[in-house]
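Q: from the sequence below, what's the structure:
(one chain, ligands or ions: 2)
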Amino acid sequence: MSTMKPQNEHVVCTDVFKIFKVADLEVVALRGLDLTVYQSEVVALVGASGSGKSTLLNILAGYDSPSAGQVTIDGKDLINMKPSEIEKFHREEVGFVWQEASRNLFPYLTSLENVALPMLLSTTSESERKDRSEHLLSMVGMEHRTNHIPDQLSGGEQQRVAIAVGMANDPPLILADEPTGELDDRTASEILDLFGKVNQESKTTIVIVTHDPDIAYKVGRVVVIKDGKTSSEIYRRDLDSQISGEMDKTKPLEESLLIDSNGRVQLPRELLQTTGITNKVKAIAENASIRIQPSEELPAE
Ligand SMILES: Nc1ncnc2c1ncn2[C@@H]1O[C@H](COP(=O)(O)OP(=O)(O)OP(=O)(O)O)[C@@H](O)[C@H]1O
Ligand SMILES: [Mg+2]
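A: Ligands and ions are numbered 1, 2, ... in the order given. This next block holds a predicted model:
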């Protein structure tokens with residue numbers, strides 16, 4: 001199967017700021033972040049610790065609101081939602097998978113009960129909930145552990161159940177914050193394959209935060225977050241699957257710098273160093289390109 005061509009915008013962030021106040025100190029976690037994710041697309045977010053990835057995911061999930069900027073999910077303005085609308089949004093529009101397996105599951109409920117729980121608030125009947133929970137657990141390869149509680153499962157098994165929980169109400173969007181962070185390489189790779197299966201079977205849009213250094217060979221698009229802004233992205237075309245645990249090095253990586261909604265670009269430090277360009281340049285239009293060259297020093301009087 002060839003990769004679906006993503007077209008409609010699912011997640012759109014425009015000039016998003018998030019400022020946390022701690023005592024008298026302000027921490028700017030997001031500073032003018034722009035991001036678009038298309039329907040059925042898989043995007044991996046990477047970036048140094050503290051660059052703002054979790055802050056962004058929490059905003060997209062509606063758990064937190066930005067200090068400024070716009071966020072729309074499937075055309076709905078997330079910022080001006082009333083509490084009742086946010087609650088509906090959580091229930092129907094988004095599934096969340098945390099890094100710590102323990103945070104995804106209720107410790108005293110079985111796998112089946114954990115998966116059925118988010119469906120309690122929807123209009124499904126008890127037998128429908130049980131059928132769907134069983135179906136989801138078998139999709140994530142956990143049909144043999146339906147009556148186990150989280151403590152009786154391995155870390156990878158818990159994350160599988162967590163993905164089934166995230167899928168319970170069949171949300172069109174799944175947000176996963178380092179879902180493989182606590183897993184060994186092999187299990188992590190199986191979990192990424194599982195996201196690939198979810199994406200292909202349910203056309204779910206997936207945004208996944210990861211520190212996997214090889215992620216660019218495993219997903220269609222990687223967006224790099226630097227100091228609270230999206231700075232560059234790595235893209236690959238014509239993949240068999242938008243996300244998989246196996247590295248696919250047959251398709252070339254295409255890297256781009258991102259231009260934000262105010263026309264700003266972050267030039268890579270290495271480029272500045274090798275060219276000796278410091279703090280002032282001239283941008284010159286050349287046909288369809290822009291050349292950036294050092295500004296000439298004014299002659300001394
Ligand atoms: N609730 C909070 N109160 C104050 N500051 C916060 C809060 N949450 C995050 N921050 C700060 O905002 C910045 C971004 O944090 P965030 O958790 O989004 O980073 P991250 O990219 O997810 O990092 P990591 O890869 O380590 O998970 C950090 O400087 C962090 O200290
Ligand atoms: Mg984080």
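Q: would you mind listing where this structure has pLDDT under the threshold?
A: Applying pLDDT under 70 to the chain picks out residues 1-6, 297-301.
Q: now the helices: where do they sit in it?
A: In chain order, the chain shows helices spanning 53-60, 83-92, 101-104, 111-116, 126-139, 155-166, 185-202, 269-275, with DSSP state H as the criterion.
Q: centre of the chain to the second one, how far?
A: Taking Cα atoms, centre = their mean, to the nearest Å, one finds helix 83-92 lying 20 Å from the centre of the chain it belongs to.
Q: centre-most residue in the chain?
A: Nearest to the geometric centre of the chain sits V207, at 2.4 Å (Cα atoms, centre = their mean).
Q: show me where this structure has strands.
A: Counting by DSSP state E, residue ranges of the strands within the chain are 9-22, 25-38, 42-46, 68-73, 76-77, 94-97, 173-177, 205-209, 221-226, 229-235, 254-257, 281-286, 289-294.
Q: now the ones you listed as CSV including distance to I149?
A: Using the backbone N, CA and C atoms, a C-beta is placed for each residue, glycine as well. Shown next, in CSV, are the strands of the chain (distance: least, Cβ to Cβ, whole Å):
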stretch, distance to I149
strand 9-22, 34
strand 25-38, 35
strand 42-46, 31
strand 68-73, 33
strand 76-77, 36
strand 94-97, 19
strand 173-177, 23
strand 205-209, 26
strand 221-226, 36
strand 229-235, 40
strand 254-257, 45
strand 281-286, 60
strand 289-294, 59
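Q: can you list the helices of the chain in CSV and add mean neighbour count and distance to D240?
A: Shown next, in CSV, are the helices of the chain (neighbours: other Cβ atoms under 10 Å; distance: least, Cβ to Cβ, whole Å):
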stretch, mean neighbour count, distance to D240
helix 53-60, 22, 27
helix 83-92, 14, 30
helix 101-104, 18, 29
helix 111-116, 24, 29
helix 126-139, 17, 20
helix 155-166, 25, 21
helix 185-202, 18, 9
helix 269-275, 10, 33
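Q: for those helices, which one sits closest to R237?
A: Between R237 and the helices of the chain, the shortest gap by Cβ to Cβ is with helix 185-202, which sits at 16.5 Å.
Q: send the alpha carbons of that closest one over as CSV?
A: Backbone C-alpha positions of helix 185-202 (Å, rounded to 0.1, in the frame of the first residue of the first chain) are rendered in CSV as follows:
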residue,chain,number,x,y,z
ASP,A,185,14.4,-1.2,21.8
ARG,A,186,12.6,-4.3,20.6
THR,A,187,9.4,-3.5,22.5
ALA,A,188,9.6,0.1,21.4
SER,A,189,9.8,-1.0,17.8
GLU,A,190,6.7,-3.2,18.3
ILE,A,191,4.8,-0.2,19.8
LEU,A,192,5.7,1.9,16.8
ASP,A,193,4.5,-0.8,14.5
LEU,A,194,1.2,-0.8,16.5
PHE,A,195,0.8,2.9,15.9
GLY,A,196,1.4,2.1,12.2
LYS,A,197,-1.4,-0.4,12.3
VAL,A,198,-3.8,2.0,14.0
ASN,A,199,-3.0,4.7,11.5
GLN,A,200,-3.6,2.4,8.5
GLU,A,201,-6.7,0.7,9.8
SER,A,202,-8.5,3.6,11.4
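Q: that older thread, need the contact list for the residue nearest to the centre of the chain.
A: V11, V37, V42, V43, L45, L57, L60, L173, I174, L175, A176 (Cβ atoms under 8 Å, 6 or more residues apart in numbering).
Q: change it to 10 Å
A: By Cβ atoms under 10 Å, 6 or more residues apart in numbering, the residues touching V207 are 10-11, 35, 37, 41-45, 53, 56-57, 60-61, 94, 173-177, 223.
Q: so which of these are also by ligand 1?
A: Residues shared between those and the neighbourhood of ligand 1 are K53 [Cβ under 6 Å from any ligand atom].
Q: alright, calling it a day.
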